[in-house]
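Participant: model the structure of this input:
(chains A and B)
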Protein chains: 2
Amino acid sequence: MYDSVGDFMRRCSINRKEKATAEGILFTDQYQLTMAQLYYRQGIYDTTAQFDHFFRSYPNYGDHQAGYAINAGLQWLVDWMQEAHFRDQDLDYMRGMTSRNGNRIFEEDFLAWLKDNGNFSALNLYAIPEGRVVHPSVPLTMVVGPLGQGQLLETQLLNQLNYQTLIATKAARIHQAGRGGLMMEFGARRAHGSAALAGARAALIGGADFTSNAGISHALGFPPKGTHAHSMIQVFMALGGTEIDAFRAYADTYPDDCLLLVDTIDTLHSGMPNAIIVFEELRKKGYDPVGIRLDSGDLAHLSVQAAKMLNDAGFDKASIVLSNNLDELILLQIITQIQEEAPHYGVEPDDVIGRLVYGVGTRLITSAGSSALDGVYKLVAVQKNSEWLPAMKISENPEKVSNPGHKKAWRIYDKRNRATADLIGLADENPDSWDGVYLHHPAKVRTYRSIDKDDVSRIEPLHVEVMRDGKLVYEMPTIQEMREVRKKDIALLDLGVRRIMNPHIYHVSLTEKLWDMKQDIIQSMRV
Amino acid sequence: MYDSVGDFMRRCSINRKEKATAEGILFTDQYQLTMAQLYYRQGIYDTTAQFDHFFRSYPNYGDHQAGYAINAGLQWLVDWMQEAHFRDQDLDYMRGMTSRNGNRIFEEDFLAWLKDNGNFSALNLYAIPEGRVVHPSVPLTMVVGPLGQGQLLETQLLNQLNYQTLIATKAARIHQAGRGGLMMEFGARRAHGSAALAGARAALIGGADFTSNAGISHALGFPPKGTHAHSMIQVFMALGGTEIDAFRAYADTYPDDCLLLVDTIDTLHSGMPNAIIVFEELRKKGYDPVGIRLDSGDLAHLSVQAAKMLNDAGFDKASIVLSNNLDELILLQIITQIQEEAPHYGVEPDDVIGRLVYGVGTRLITSAGSSALDGVYKLVAVQKNSEWLPAMKISENPEKVSNPGHKKAWRIYDKRNRATADLIGLADENPDSWDGVYLHHPAKVRTYRSIDKDDVSRIEPLHVEVMRDGKLVYEMPTIQEMREVRKKDIALLDLGVRRIMNPHIYHVSLTEKLWDMKQDIIQSMRV
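Facilitator: Predicted structure coming up:
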């Protein structure tokens, strides 16, 4: 139809080369590049600086709010950092950028310099490991190194860590509401484009046991999960067959993994009876059916009825998979309703709840209700003559004033070994030398508390050294290990902090020394 | 520090090979693969089928709702379709997938067959072009071809089209609230991972004029925009300098493009006076400053004050760039407040509003408040002996019953040439032969209206043929052309439909023939 399909494809498609550009070091805001040139021009590109990445508030989903977050995304960030550099085509592109008056924006000396120095080879990175419970204001990552390199990292670091932490947090909440039932992530179709991949990874770290996404499962070493859609039943029916024909075809093809979706026509009067007939046929052939999936209607009521029908037919171990816009609040309600409703039908509530499996899509992969973590990346200190000088932005809102200086953070555990507070202090402070722990409110004057040394069971440093001079010096845990860390950390939280709605506010505090320094700087900067 | 960094990196990093797998044809839900094998086994993989992609409801942001959506994402989907196929490593991976009992899930004959046939080479694709105004229930894309190929496309199609349409829609709303002011997308740091790229593209189609993201700007042929962050000022201050030193350095480096961020210390008492001094110095050197950026505080009040200060200094053309969690509702309010407040300070409101530029981040790139478009991909018909047989899912909710059959859709324009309704009908219907236009409500019985032929100025078919047998047969418009289409389509909507809050509901209707067929099938499927 067209003579030169190739020609017009080039006009607007992104080819492989352009994709590599868009995903490489130029996956950044233009102002990082203009600032980098300015630093180069001023001779301060290599000034040692520290940037902190932290979030300001827990995700707030509107009618419910997180009381803790789960850290995620570090591994992929580090992978990107180790590959990213200015290739010749990146520099060519920058060479072509012009100002309003048509002059070049980036000059040749800077581009030549970027070719060798525009990478992350001199950065030190300190981070809280993935899978750990994290709280507002505590730096999740601290980047120390040449000012220009630290600045160039900002956009990518925020992009990767904000999203994965957001999703790992949502997954942990849904997992918690599901009371340990198996949880499957299957949000690819509603995810924000290729974020489906990072989102699946974060969901696995945070609480999902599997993802339906085949490719990323492979990359992460998890088996993908999935059975069939309504469309399979519809095909059989449109071609003159019936629901049970479709079920039989499925059971024949996958006798080991027979899980049937029962709500295409009528769950209780068609799907369930047909599924049970097919399960009985399977049993005669020596196979054990997996169970059924409910994707519409009153999931609590239908779960109870389905459990009863399965029990009556002798399939009392068959799973009941739930899906349809699930999230932590809906699960909470489904489980509550099952507890009330099951006894009316002579079914043990725990028997129903114990066999539930959750398929969670849209609301997990987009963190519905709170679609972004408000993570920021702030310059907090620069070095001059080997001395750290704190840097702050004094904005209108005292709560938004970031914590200055070269810092550390610790988690304080009480006598019961519950995490009671995260404490941010200066890097040269040593909690082991303290008589007790002094916790100052991060923003309010004269608001503090002290904990006796006897009441503290443990003071745990939160950061590990991940990169030294751009080289990885930390053994990244596997995703399985991150999952274990997450479980352990959540178990160390007070139940009130773990609450799905209106959680108790976990304390994040400053040491006296950091608090005093912050006040001094604020005073000195007031004009 | 470690002997074998390479070893443990391999444990959990995604290398290039795995990334290619995760982004290729296996970027799909596992059940698409299991269903494909079942269709192959049943001998119906090549049965001709039609799948429709449509969304059920406009994005609802909580306190405001969209009255129209902007279609986007097609080009990238088509690019993916033309590349995706089962590579040997994909088949190897599938070869290794096992059932609960350790048996292989995918058998060798199917894998061999997939190698040659597991692609989209036989699909026909009909779609509404990108940039067009679109409404619920009207198919945005219709896929016709072998059942197995159509099924394998589902996850990727939904992933790409749902997200880009969501963001293009949000961008159009923000652009509308901004009354034509220049709009810059800069959400990369809060975007969902690499969706920042697709999101920037969709934002440009929907209403943004630029994006700050350098790499994707290059790929799409737009100049990236950006100036400097607070951190630049902080660096100068921490090293013993002042805000004006930082401004001067910026003006020296970028005299053509001098735009200064004025809220690091105090907008009206430090940032603005300092910026004006530097602007005056620039003017003496023969340069015209671009303007200032406000990123915190009462943006309406500060815009008026900044405009006044700039005017008094003779910079009455300088832009005022606003940023800080902007969206359509916040812009609406800022502009209203400027209209009320400016006269009190002797400033012309339109003079302030006319020089505003909008930097829009998080709330655009994540479509805050409505983080997913509820787009679905439904089997609607299969062919048997060259005859189309409709397929439907009868669910509990009558509004969710999809429209069966092989279809077309038209937009009906009234005498004033305003779009008055979208009409969905069967493919063999021909509106040109009608005496008038009969519009049946999509779900409610006996709810319809008719329009006299004299009152109809135009009946416009909405779909174009994009792919025939997997080959592109449509000249994709450029993004600039999509932007023109969007502007034109929005201008053809009633003002009530365009309203930011509580918009008038645009009519989407069925032809009498389609309505009757749908009722017949529903009756025949009731058990």
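Participant: which stretches in the stretch 1-150 of chain A count as strands?
Facilitator: Assigned strands in the stretch 1-150 of chain A, in chain order: A:48-55, A:69-70, A:124-127, A:133-134, A:141-146 (criterion: DSSP state E, counting those that start in this stretch).
Participant: if I've got this straight, A:L379 is in a strand?
Facilitator: Yes: under DSSP: H, G, I helix; E, B strand; the rest coil, A:L379 sits within a strand.
Participant: for it, which non-adjacent residue is closest in space?
Facilitator: Spatial nearest neighbour of A:L379, excluding adjacent residues (CB to CB, 6 or more residues apart in numbering or on different chains): B:S231 at 4.1 Å. For every residue, glycine as well, the C-beta is placed using N, CA and C.
Participant: re earlier: which one of the strands of the stretch 1-150 of chain A lies closest to A:F236?
Facilitator: Closest approach to A:F236 among those is made by strand A:69-70 (42.2 Å; CB to CB).
Participant: that closest one vs chain B: in contact?
Facilitator: No: contact of strand A:69-70 with chain B (CB under 8 Å from any CB of the partner chain) is absent, the minimum separation being 15.0 Å.
Participant: for that strand, name the packing helices and strands.
Facilitator: strand A:133-134, helix A:147-177 (3 or more CB pairs under 8 Å, 6 or more residues apart in numbering or on different chains; DSSP states H and E).
Participant: one more time with 6 Å
Facilitator: Using 3 or more CB pairs under 6 Å, 6 or more residues apart in numbering or on different chains; DSSP states H and E as the contact test, the elements touching strand A:69-70 are helix A:147-177.
Participant: which SSE is immediately downstream of the helix it packs on?
Facilitator: Using DSSP states H and E, the next helix or strand after helix A:147-177 towards the C-terminus is strand A:183-185.
Participant: next secondary structure after that next one?
Facilitator: In N-to-C order, the element after strand A:183-185 by DSSP H and E is helix A:195-206.
Participant: can you list the residues that contact that next one?
Facilitator: A:70, A:72, A:130-131, A:164, A:167-168, A:171-172, A:185, A:188, A:191, A:211, A:213, A:216, A:364-365, A:479, A:482, B:22, B:159, B:192-193, B:195 (CB atoms under 6 Å, 6 or more residues apart in numbering or on different chains).
Participant: of the residues you listed, keep whichever come out buried.
Facilitator: For the contacts of helix A:195-206, a burial check counting by 16 or more other CB atoms under 10 Å in any protein chain shown picks out A:70, A:72, A:130-131, A:164, A:167-168, A:171-172, A:185, A:188, A:191, A:211, A:213, A:216, A:364-365, A:479, A:482, B:22, B:159, B:192-193, B:195.
Participant: what about A:A251, neighbour count?
Facilitator: Using other CB atoms under 10 Å in any protein chain shown, A:A251 is surrounded by 20 other residues.
Participant: give the other helices and strands that the helix or strand hosting it contacts.
Facilitator: Applying DSSP H and E as the criterion places A:A251 in helix A:243-253. Secondary-structure packing of helix A:243-253 (3+ CB pairs under 6 Å, 6+ apart): helix A:230-238, helix A:272-284, helix B:30-41.
Participant: what about A:L356, neighbour count?
Facilitator: Should you count by other CB under 10 Å, A:L356 turns out to have 25 residues around it.
Participant: re earlier: any idea which of the helices and strands packed on helix A:243-253 scores lowest on pLDDT?
Facilitator: Mean pLDDT is lowest for helix A:230-238 among the helices and strands packed on helix A:243-253, at a mean of 94.
Participant: ok now that helix, how far from the chain's centre?
Facilitator: Helix A:230-238 has its C-alpha centroid displaced from the chain centroid by 36 Å (CA atoms, centre = their mean, to the nearest Å).
Participant: got a list of contacts for it?
Facilitator: A:E243, A:D245, A:A246, A:T264, B:M35, B:L379, B:V382, B:L389, B:A391, B:K393.
Participant: pLDDT score for the second one?
Facilitator: It stands for A:D245. 98.
Participant: which ones are touching it?
Facilitator: A:F236.
Participant: and with 10 Å instead?
Facilitator: A:I233, A:F236, A:M237, A:L239, A:N274, B:Q42 (CB atoms under 10 Å, 6 or more residues apart in numbering or on different chains).
Participant: and A:S402, how far from A:L77?
Facilitator: A:S402 is 21 Å from A:L77, where distance means CB to CB, to the nearest Å.
Participant: equivalent analysis for A:D520, please.
Facilitator: From A:D520 to A:L77 the distance is 34 Å (CB to CB).
Participant: hmm, back to that, count the neighbours of the residue nearest to A:L379 for me.
Facilitator: So B:S231, with other CB under 10 Å, has 25 neighbours.
Participant: how about A:E512?
Facilitator: When neighbours are defined as other CB under 10 Å, A:E512 has 15 of them.
Participant: which stretch of helix or strand covers the closest residue to it other than its chain neighbours?
Facilitator: Closest residue in space to A:E512, ignoring its immediate chain neighbours: A:Y438 at 5.1 Å, by CB to CB, 6+ apart. Using DSSP H and E, A:Y438 sits within strand A:436-440.
Participant: can I get the helices and strands packed on helix A:243-253 in TSV with distance to B:L220?
Facilitator: Shown next, in TSV, are these (distance: least, CB to CB, whole Å):
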stretch	distance to B:L220
helix A:230-238	35
helix A:272-284	49
helix B:30-41	30
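Participant: could you dump the contacts of A:D245 to TSV with neighbour count and distance to B:E107?
Facilitator: TSV is the format used below for the contacts of A:D245 (neighbours: other CB atoms under 10 Å in any protein chain shown; distance: CB to CB, whole Å):
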residue	neighbour count	distance to B:E107
A:I233	30	23
A:F236	24	21
A:M237	22	26
A:L239	19	23
A:N274	22	26
B:Q42	20	14
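Participant: let me see the contact set for A:R132.
Facilitator: A:69-72, A:140, A:168, A:411, A:462, A:482, A:485-486, A:488-490.
Participant: scan those and report the most crowded one.
Facilitator: Going by other CB under 10 Å, A:A72 tops those with 34 neighbours.
Participant: roughly how far apart are it and chain B?
Facilitator: Applying CB to the nearest CB, to the nearest Å, the value for A:A72 to chain B is 11 Å.
Participant: state the pLDDT value of that residue.
Facilitator: The predicted local confidence for A:A72 is 98.
Participant: what's the farthest-apart pair in the contacts of helix A:230-238?
Facilitator: So for the contacts of helix A:230-238, where distance means CB to CB, the most widely separated pair is B:M35 and B:L389, at 18.7 Å.
Participant: and these two? Which one has more around it.
Facilitator: B:M35 (26 against 18).
Participant: quick check: the more buried one touching A:T227?
Facilitator: Yes: distance between B:M35 and A:T227: 8.6 Å, which falls inside the contact criterion (CB atoms under 10 Å).
Participant: now do the shared contacts for the two.
Facilitator: The contact lists of B:M35 and A:T227 share A:Y250, where a contact means CB under 10 Å, 6+ apart.
Participant: quick one: the strands in the stretch 351-500 of chain A?
Facilitator: Using DSSP E, counting those that start in this stretch, strands in the stretch 351-500 of chain A cover A:356-360, A:375-384, A:387-390, A:407-414, A:419-426, A:436-440, A:448-452, A:456-461, A:464-468, A:471-472.
Participant: neighbours around the closest residue to A:A318 other than its chain neighbours, how many?
Facilitator: Nearest residue to A:A318, sequence neighbours excluded (CB to CB, 6+ apart): A:G291, at 4.0 Å. Using other CB under 10 Å, A:G291 is surrounded by 22 other residues.
Participant: same deal with A:R190?
Facilitator: 26.
Participant: kindly report the same for A:D88.
Facilitator: A:D88 has 9 neighbours, counted by other CB under 10 Å.
Participant: do the same with A:I451
Facilitator: 18.
Participant: and the closest residue to it other than its chain neighbours, what pLDDT?
Facilitator: Counting by CB to CB, 6+ apart, A:V437 is the residue found nearest to A:I451 once chain neighbours are left out, at 4.5 Å. Looking at A:V437, its pLDDT stands at 92.
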